[in-house]
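> Kindly generate the corresponding structure for this input.
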Amino acid sequence: MATLEQLQARLDALEEVKASGTLKVRYEGKEIEYRSMADLQTAIRDLKADIAAASGRRKANVGLVHFTRG
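Sure, this is the predicted structure:
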């Protein structure tokens, strides 16, 4: 299991890649190329959840409900 510092370093690398508009990231001697920006954003979301879990915080679940009269 990765440490909180390692997870944060990965997140920083992914956020930097997202800001640059590229899909290739390097960290800890590894190189990963994502197929799409959506895949990159999913990886960021998952990594944020891992960081929250590692730091003892729970991820908030939010749901939206929409009603219409019919």
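> For stretch 8-27, which residues meet the burial criterion?
Arg10, Leu11, Ala13, Leu14, Val17, Lys18, Val25, Tyr27 (16 or more other CB atoms under 10 Å). In short, each C-beta sits where N, CA and C put it, glycine included.
> Sketch out the low-pLDDT regions of this structure for me.
58-61, 70 (pLDDT under 70).
> quick one, what contacts the most centrally placed residue in it?
Against the mean C-alpha coordinate of the chain, by CA atoms, centre = their mean, the closest residue is Ile44 at 1.2 Å. By CB atoms under 8 Å, 6 or more residues apart in numbering, the contact list for Ile44 reads Leu11, Leu14, Glu15, Lys18.
> And these, which is closest to Ala38?
Proximity of the contacts of Ile44 to Ala38 (CB to CB) peaks at Lys18, which lies at 11.2 Å.
> Apart from its chain neighbours, what residue comes closest to that closest one?
Leu40 (5.8 Å; CB to CB, 6 or more residues apart in numbering).
> swap in Leu14?
Nearest non-adjacent residue to Leu14 (CB to CB, 6+ apart): Ile44, at 5.0 Å.
> what about that neighbour, distance to Ile51?
Per CB to CB, to the nearest Å, Ile44 is found 10 Å from Ile51.
> who touches both of the two?
In contact with both Ile44 and Ile51: Leu11, using CB under 8 Å, 6+ apart.
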